[in-house]
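Novice: Attaching a predicted model along with its sequence, questions to come.
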Amino acid sequence: MTAFWFLPNIQGSGNLRDLREAAELSPHLAHNLRTLADAGMMDRAEYMLWAEAITLGWIAAARPYTSSWEPANEMWLQEAA
C-alpha cells in the first residue's frame with residue numbers, strides 16, 4: 001500500500017476497508033484521490049463534490065456484506081423442508 005502513502009490512514013469499520021486499502025483496490029477511487037490531491041485551490045462547492053465522489057467510491061470498495069444470520073436462516077429453511 002505504498003502508492004497512497006500521502007493519505008491519512010483512515011480506518012474502516014465492519015465491511016468498510018481502510019481508505020488506503022480501498023484506494024489500492026479501486027482504480028476509480030484512486031483516480032479521484034490523486035486528482036483531489038493535485039487540484040490545488042478550489043472553492044467549497046467544488047471540494048464538497050470531490051468529497052462526495054471519494055466517499056461514495058470508498059463505500060463502493062467495501063467488502064460484500066455477509067451476515068452470520070443468513071447461513072443460519074438457510075439451514076433452518078433446509079431443515080424445515
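Specialist: In hand now; what should we look at? Nothing here was measured: the structure is a model prediction, and the numbers come from that model.
Novice: Give the closest residue to the most centrally placed residue in the chain in space, chain neighbours not counted.
Specialist: Nearest residue to the geometric centre of the chain (C-alpha atoms, centre = their mean): Trp58, 2.4 Å. Of all residues not flanking Trp58 in the chain, Ala22 sits nearest, at 5.2 Å (C-beta to C-beta, 6 or more residues apart in numbering). Quick note: C-beta positions are derived from backbone N, CA and C, even for glycine.
Novice: Let me see the confidence value for the one you found.
Specialist: Predicted confidence (pLDDT) for Ala22: 91.
Novice: Contacts for the helix or strand encompassing it, please.
Specialist: Ala22 belongs to helix 19-25 when assigned by DSSP states H and E. Contacts to helix 19-25, defined as C-beta atoms under 8 Å, 6 or more residues apart in numbering, come from residues 1, 3-4, 7-10, 12, 16-17, 29-30, 33, 57-58, 61-62.
Novice: Which of the residues you listed fall in helices?
Specialist: Using DSSP state H, the subset of those located in helices is 29-30, 33, 57-58.
Novice: quick one: Leu16 and Pro64 touch, right?
Specialist: No. The pair Leu16 / Pro64 is not scored as a contact, 11.9 Å apart, by C-beta atoms under 8 Å.
Novice: distance of Pro64 from Ala23?
Specialist: Using C-beta to C-beta, to the nearest Å, Pro64 is found at 18 Å from Ala23.
Novice: out of the two, which sits in the busier spot?
Specialist: Relative neighbour count places Ala23 above the other of Pro64 and Ala23, with 25 against 5, counting by other C-beta atoms under 10 Å.
Novice: And Lys49, how far from Thr55?
Specialist: In this structure residue 49 is Leu, not Lys. Distance from Leu49 to Thr55, by C-beta to C-beta: 11 Å.
Novice: Low-confidence ranges, this protein, go.
Specialist: Scanning the chain for pLDDT under 70 picks out 1-4, 65-81.
Novice: rerun at 50
Specialist: 1 (pLDDT under 50).
Novice: tell me which element Glu52 falls in.
Specialist: Using DSSP H and E, Glu52 maps to helix 44-60.
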